[in-house]
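Colleague: requesting a structural model of the entry that follows:
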Amino acid sequence: MTARRRTLVILAAALGTILAAEGMARLADPWLPEGCAPQSATGYGLAPNARYTTTGENGPVAVKIDSRGLRGPEITLPKPDDAFRILAIGDEALLAGDTPLADTFGQLLAGGLTEDVKPARVELAVAAAPGWGPRHYAAYLAGPARELAPDFLMIVLATGTDLEPPSDPGRVGVGPRRGFDAALARVSALWRRVVPPPALPEGGLDDAWLRSGVAAPLTEAEPWLARLDEFCRAARLPWLLVVLPAPVQLDASLLAERRRDAGLPSDVAADAVNHRLSDFCRERRLACADLYSDLAADADRFPLYRKGGWTLAPAGHQAAANALIGYFRRFRILEQALVFRTEQGETR
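Modeller: Below is the predicted model of the structure:
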């Protein structure tokens, strides 16, 4: 065998190995976060009845998922008459898989608000998964959310969340034929089969309910929030955007390091670009609970985020819950949403 032929044989063998590996990778299931499984509505999400263990601040945390792929107590259908159901949609910041369920800010929020509505109770349904984004939220609203019959919707975002549809159609999640606009169109079409199309009363709910604080730097969210607001008004579903600050906003040294790495001045204030979305929310009369100022006030007293991580520490969950309970009470959100549900005759 000549040297040239040996070289060609080696190259052919190497190419064949690469092609075989590529074929196996394409045939194999895509990598999914722990506890997740493929789902027709959202591409992937928490696997129904999944059980897994994570590492928490104070040791192992047992995570249990209910039969509908939600973290929390089993959601009953039809909805009990004494339940006011809040549907919260988000990513790992909301899921909080490294925190015992009872200590997550969502459950603390539901418990605190229940004190305000007894003998009724506030029930929180958490639909979240690591890596979820707006296309997943829209797809979830279009499908699984309808049977839950929520009375209130919370979209929970952490500062820095990617609010634009991914440019890579091969990315795990909602595929290219289920682009964001298409998913949102399905949301409106499906919900309107259940709920008549008239929008909320002129101006929405009370002005105080729709008042916005200083919002987070999520300027790319503007088109998405506007379309989501249009959908919620058409579906007569009161909603609230909850913005959690990223740890870099509360850690001056980490913020300076990140800015140096990005070639930006290290002395730029963490909330220097917050005002654009705040103005946008006020102009559109969107309800936005930005927890930056509330959590920043506590950041010097105790760690709000897990060391070296992007998830809330136990103290952070409690601080976020306290801030949200205060926001709900200050603007009478729950009171007005309960009145709104009664006026609508609970047609959802």
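Colleague: using the three-state scheme, assign residue 127.
Modeller: Recorded secondary structure, residue 127: strand (DSSP: H, G, I helix; E, B strand; the rest coil).
Colleague: test my guess that it contacts residue 70.
Modeller: Yes: using CB atoms under 8 Å, residue 127 is in contact with residue 70, at 5.9 Å. For every residue, glycine as well, the C-beta is placed using N, CA and C.
Colleague: where does the stretch 201-348 of the chain have low pLDDT?
Modeller: 201-224, 245-310, 344-348 (pLDDT under 70).
Colleague: and with 50 instead?
Modeller: 201-220, 248-249, 258-259, 262, 264-277, 347-348 (pLDDT under 50).
Colleague: how about residue 36: what's its closest non-neighbour residue?
Modeller: residue 44 (5.2 Å; CB to CB, 6 or more residues apart in numbering).
Colleague: ok so that neighbour is a strand residue?
Modeller: Yes: the assignment for residue 44 (three-state DSSP) places it in a strand.
Colleague: that one against residue 34, yeah?
Modeller: No: with contacts counted by CB under 8 Å, residue 44 stays clear of residue 34, the gap being 11.9 Å.
Colleague: more neighbours: which of those two?
Modeller: More crowded of residue 44 and residue 34, by other CB atoms under 10 Å: residue 44, with 21 against 13.
Colleague: of residue 127 and residue 70, which one has the most company?
Modeller: A count of neighbours by other CB under 10 Å puts residue 127 above the other of residue 127 and residue 70, at 27 against 22.
Colleague: quick check: bridge partners of the residue nearest to residue 36?
Modeller: When bridges are called by DSSP bridges, residue 44 pairs up with residue 38.
Colleague: any idea of the pLDDT on it?
Modeller: You'll see residue 44 listed with a pLDDT of 86.
Colleague: the closest residue to residue 110 other than its chain neighbours and residue 43: what is the separation?
Modeller: Distance criterion CB to CB, 6+ apart; nearest residue to residue 110, sequence neighbours excluded, is residue 124 at 4.1 Å. Residue 124 is 24 Å from residue 43, where distance means CB to CB, to the nearest Å.
Colleague: who's more crowded, these two?
Modeller: Per other CB under 10 Å, whichever of residue 124 and residue 43 has more neighbours is residue 124, with 25 against 21.
Colleague: the chain: helices as residue ranges?
Modeller: Listed in chain order, the helices of the chain (DSSP state H) span residues 3-27, 92-95, 105-117, 134-142, 144-148, 180-194, 222-234, 247-250, 252-261, 275-284, 292-299, 314-330, 333-343.
Colleague: pLDDT averaged over the fourth one - what is it?
Modeller: Spelled out, that is helix 134-142. 79.
Colleague: and that helix, what does it pack against?
Modeller: strand 43-46, strand 83-90, helix 180-194, helix 222-234 (3 or more CB pairs under 8 Å, 6 or more residues apart in numbering; DSSP states H and E).
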